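Engineer: No letters, just coordinates:
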């Protein structure tokens, strides 16, 4: 059995606690990087992370891109969507096809 | 090719070996090309789905963040934390693997500890704001989509990696391996033919010499 983790600043992710997900708080870049590596080693299959935090640690996230476990998924934080999640999707398309064929 | 003349053995054995390798390379090229096309087909469908899901999830999450903002304005931070700190519900994830063209992709199934939908409210209603209920309820609705998004997004990433790899292999075979080998084969067979011709002339020359010695006549 695997768990689902949510990582972000306190105000953005507190609500997920009610759903029964494991919530972890991180406010700085160092904390976030440490948490991500820690969670990836444990039995977390899916890690949701707020875009604000993800923007600060792109290398750490890219590291797990080609691994089956864990899936690191960006979600908009309290500040609103920054469009990074969409940009990552475009990156995968570019990687596979060579050009971005969905640019609209 | 300059390198082939120095490194290749000009033998019939080498020629047979190269011909066999070329045959394998051609077959591999065709198979990999088919694999790439099929992967691409699946990938494009998934990307569309991924995009839709992402838009839906982001919108829903923004709404729920808005409700949370209102709730936290109405309640004190400590009350808010107290209300959400000890969840009644818990979620466990079941991960199965599905094989798409030899790429293992995850399929998530989730189990909640209790099926009662009202179990998501881990607090008493007396001390909390109604906005909090709305926020938590909207989060629980979007969770289904969020999990689907995780599955699809991971699959897209893994497929993208595999497509990139396959594409490289296809082009390496098409533009480097196969032309190189055909060139080598041509070179060796021409060299062998040249040797053969040289041999024939030599034989004719020897024959002339022997005839001359035996009968003392010249052509």
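Structural biologist: In hand now; what should we look at? Just so it is clear, the structure is predicted and the values come from calculations on it, not from any experiment.

Engineer: May I see the buried residues of the helix or strand of chain A with the lowest mean pLDDT?
Structural biologist: Least confident helix or strand, chain A: helix A:10-13 with a mean of 83, by mean pLDDT, DSSP states H and E. Neighbour counts over helix A:10-13 (16 or more other Cβ atoms under 10 Å in any protein chain shown) mark A:11-13 as buried. C-beta here means a position set from N, CA and C on the backbone, and glycine is covered the same way.

Engineer: pLDDT weak spots in chain A?
Structural biologist: Applying pLDDT under 70 to chain A flags residues A:103-104.

Engineer: what does chain A put close to chain B?
Structural biologist: Listed as neighbours of chain B in chain A under the rule Cβ under 8 Å from any Cβ of the partner chain: A:1-4, A:11-12, A:14-21, A:45-46, A:48, A:65-66, A:68-69, A:71, A:73, A:75-78, A:80-81, A:85-86, A:89, A:92-93, A:95-98, A:102.

Engineer: Identify those among these that sit within helices.
Structural biologist: Secondary structure assignment by DSSP state H places A:11-12, A:85-86, A:89, A:92-93, A:95-97 of those in helices.

Engineer: So which of the residues you listed is the closest to residue A:26?
Structural biologist: residue A:12 (10.7 Å; Cβ to Cβ).

Engineer: Now residue A:81: phi and psi?
Structural biologist: Taking degrees, to the nearest 10, you get phi -70, psi 130 for the backbone angles of residue A:81.

Engineer: That one: what's its closest spatial neighbour, skipping adjacent residues?
Structural biologist: residue B:58 (4.9 Å; Cβ to Cβ, 6 or more residues apart in numbering or on different chains).

Engineer: The one you found and residue A:82: what is the separation?
Structural biologist: Between residue B:58 and residue A:82 the computed distance is 10 Å (Cβ to Cβ, to the nearest Å).

Engineer: Overlap of the contact sets of the two?
Structural biologist: The overlap between the contact sets of residue B:58 and residue A:82 (Cβ atoms under 8 Å, 6 or more residues apart in numbering or on different chains) consists of residue A:76.

Engineer: the more surrounded of these two?
Structural biologist: More neighbours surround residue B:58 than the other of residue B:58 and residue A:82, with 21 against 16 (other Cβ atoms under 10 Å in any protein chain shown).

Engineer: so which strand or helix has that one?
Structural biologist: helix B:12-74 (DSSP states H and E).

Engineer: which helices and strands sit right next to that helix?
Structural biologist: helix A:10-13, strand A:71-75, helix A:84-97, helix B:130-172, helix B:178-215 (3 or more Cβ pairs under 8 Å, 6 or more residues apart in numbering or on different chains; DSSP states H and E).

Engineer: so after it, what's the next helix or strand?
Structural biologist: With elements assigned by DSSP H and E, the helix or strand that comes after helix B:12-74 is helix B:77-85.
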